[in-house]
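**Q** Mind folding the following:
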Amino acid sequence: MDSLKISKTTSILLVLVLLSFANTSYGARKLFSLYKPPPMALKYHKGALLQGNINVSIVWYGTFTPAQKSIIVDFLYSLNPSVKNAISSANEPSVSNWWQKIGTYMKKAGKKPTNVVLSTQITDERCSLGKSLKNSHIARLARRVNPKPGELTLVLTSQGVAVEGFCMSNCGKHGSVRRLNSRSVYIWAGNSVTQCPGQCAWPFYKPIYGPQTEPLGAPNGDVGVDGMVVNIASLMAGAVTNPFGNGYFQGPAGAPLEAASACPGVYGKGAYPGYAGELLVDKTTGASYNAVGTNGRKYLLPALVDPNTSECSTIV
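**A** Numbers count the residues shown, from 1 in each chain. Next up is the predicted model:
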């Protein structure tokens, strides 16, 4: 299991580093922005990966508007190159371009590329398990769709639902549930807009720690849900390439760095701690994005470790 972790110690160190540069010259800041972290050698540990066509189900726990649901559903549809994306310019990167990097992992492991097939959707607006969930509740919700081996379930909680560890130690996680002698995979992500947007919806909200720079415009005008897409994208990359803890990762198995989690806070070229990088900007709304999907949707997606270069790779 892997989670999008929040390290308070790391955050404090980041503050000190950023503050130390606050009063230095432009040249020093420029040198800082050109800093490149050491290569990320994600090793394949020979375990099962989620390959080929995978059914993805969604459990909507709490209240989500139709507009919020469509933002996330359109993102899932956009992952597949077979889905025609309404891109205004041939030069604009697509969501499927971003997902093709995961195909490189599959190819190196001798597996089939992963294609997402949207399956069952269940809505629990009344929050039948309450509005304060433990990790065991997330697994119970994932089982509600009766997933088959190799399938993936998204458990998405709305802004009024608290989840164990949410905001305190993570912004989401992926894991697996066992049924008889087989296992299926799940991802949980929550809407942080009323709980901790500075931690789990950055860069669309001012960070809790560090210099209070102006946040970027959310590409779909919804800070909470656009933040969820960032986390879902990162967790899907990890869930597909390391579904059961013995796939692609770096570091200890109990706290692995995966395809996206190894590149925290990196979205465009020139990114450094506290700066998301050079991004595309919508001329009408002023919102920032780096990928376009189906129906012309715009999204901000995290950098992925390129398995060929062992470096964080962005699509813009």
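
**Q** contacts, neighbours, all on C-alpha from now
**A** Fine.

**Q** and the nearest residue to C127 once chain neighbours are set aside, what does it touch?
**A** Nearest residue to C127, sequence neighbours excluded (Cα to Cα, 6 or more residues apart in numbering): G62, at 5.5 Å. Neighbouring residues of G62 by Cα atoms under 8 Å, 6 or more residues apart in numbering: 123-127, 157-161.

**Q** if we go to 7 Å?
**A** 124-127, 157-158 (Cα atoms under 7 Å, 6 or more residues apart in numbering).

**Q** While we're on it, how confident is the model there?
**A** Looking at G62, its pLDDT reads 98.

**Q** if I look at it, how far off is G190?
**A** Separation of G62 from G190 (Cα to Cα, to the nearest Å) stands at 10 Å.

**Q** again with A262
**A** 21 Å.

**Q** what's the helix or strand for L154?
**A** strand 152-157 (DSSP states H and E).

**Q** So which elements touch that strand?
**A** Contact analysis of strand 152-157 by 3 or more Cα pairs under 7 Å, 6 or more residues apart in numbering; DSSP states H and E lists strand 52-61, helix 135-143, strand 182-190 as its packing neighbours.

**Q** hmm, back to that, joint contacts of G62 and G190?
**A** Going by Cα under 7 Å, 6+ apart, residues that sit against G62 and also against G190 are 157-158.

**Q** what about the helices in the stretch 51-200 of the chain?
**A** With DSSP state H, counting those that start in this stretch as the criterion, the stretch 51-200 of the chain has helices at 66-78, 95-108, 135-143, 197-200.

**Q** tell me the most buried of those?
**A** Of those, the one with the most neighbours on average (mean count of other Cα atoms under 10 Å) is helix 197-200, at a mean of 23.

**Q** Tell me which helix or strand comes right after that helix.
**A** Once the chain leaves helix 197-200, the next helix or strand it forms, by DSSP H and E, is helix 223-241.

**Q** List of residues touching the first helix or strand past that next one going along the chain?
**A** The helix or strand immediately downstream of helix 223-241 is strand 248-249, counting by DSSP H and E. Here strand 248-249 makes contact (Cα under 7 Å, 6+ apart) with 42-45, 241-242, 256-258.

**Q** Beyond strand 248-249, next helix or strand please.
**A** Assigned by DSSP H and E, the successor of strand 248-249 is strand 280-281.

**Q** N290 - nearest residue in space that isn't next to it in sequence?
**A** L300 (5.2 Å).

**Q** And that neighbour, how close does it get to M228?
**A** Taking Cα to Cα, one finds L300 at 10 Å from M228.

**Q** Then A139?
**A** Taking Cα to Cα, one finds A139 at 19 Å from M228.

**Q** cool, I71 as well?
**A** 10 Å.

**Q** ditto for N80
**A** Counting by Cα to Cα, the gap from N80 to M228 is 19 Å.

**Q** do C167 as well
**A** Counting by Cα to Cα, the gap from C167 to M228 is 13 Å.

**Q** same thing with L301?
**A** 11 Å.

**Q** can you give me the angle the strand holding L154 makes with strand 182-190?
**A** If you take axes from the mean of the first three to the mean of the last three Cα atoms, to 10 degrees, strand 152-157 sits at 30 degrees to strand 182-190.

**Q** count of neighbours near G274?
**A** 19 (other Cα atoms under 10 Å).
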